[in-house]
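Student: Need a 3D model of the following:
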Amino acid sequence: MTTDYDRSIPPPALRARVIRSLRERGLIASRAAPPITRTALALAAGILLFLAGGVFAPDLRSPAPDPRPSFVLLLYEDSTFRGNDGSHVGEYIAWADSLRTEGALVMGERLDPRAGVLPASDATGPDSDNAFGSIGGLFIVRAADLSAAISLARTCPHVRLGGRVVVRPVATT
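Tutor: Next up, the predicted model:
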């Protein structure tokens, strides 16, 4: 028995002729390439993002340790030091920023002048017995060698202001 639905479907030969004619006129795409599914598009986008991340994303691994040795610059101040009024802080900041830009600065801090080192002979005295005066600050820098660290220390504003800078290598063992 034939239903109305069966009568609405064209015979296969007619269907093939209509599709062929529409393809020839460019009104429908050929069957050569299967349609792209959402899953295929999502997979392709994921692969492209993964590959682009490897090229454009910053390296998220820990950076390699700096092979240069570290040096401590101890900034000593005595009665002849001319930088205690605080007016030269900007110079120290600019100097530290230049070291940071060069990749040489590890850290730098001004030390509280109220603290003191207790000499073995006097458990109550400050560090004024030191031949260079008291330590007013310190920087830790990276340099190729001791000579390069001393060259960095010579550029410190502390030297120009009458302070002394002692350069010590950080022990590696």
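Student: From here on, just use CA atoms for contacts and neighbour counts.
Tutor: Will do.
Student: Next, the buried residues of the particular helix or strand that has residue 151 in it.
Tutor: Using DSSP states H and E, residue 151 maps to helix 146-154. Residues of helix 146-154 classed as buried under the neighbour-count rule (16 or more other C-alpha atoms under 10 Å) are 146, 149-150, 152-153.
Student: What ranges in the chain fall below the confidence cut-off?
Tutor: Low-confidence regions of the chain, defined here as pLDDT under 70, cover residues 1-8, 30-36, 52-62, 113-132.
Student: Can you show me the helices along it?
Tutor: Listed from the start of the chain, the chain has helices (DSSP state H) covering 4-8, 12-24, 38-56, 89-102, 146-154, 157-160.
Student: most tightly surrounded among those?
Tutor: Between the helices of the chain, the one whose residues have the most neighbours on average, counting mean count of other C-alpha atoms under 10 Å, is helix 157-160 (a mean of 18).
Student: How far away from the center of its chain is that helix?
Tutor: Here helix 157-160 is found 30 Å from its chain centre; the criterion is C-alpha atoms, centre = their mean, to the nearest Å.
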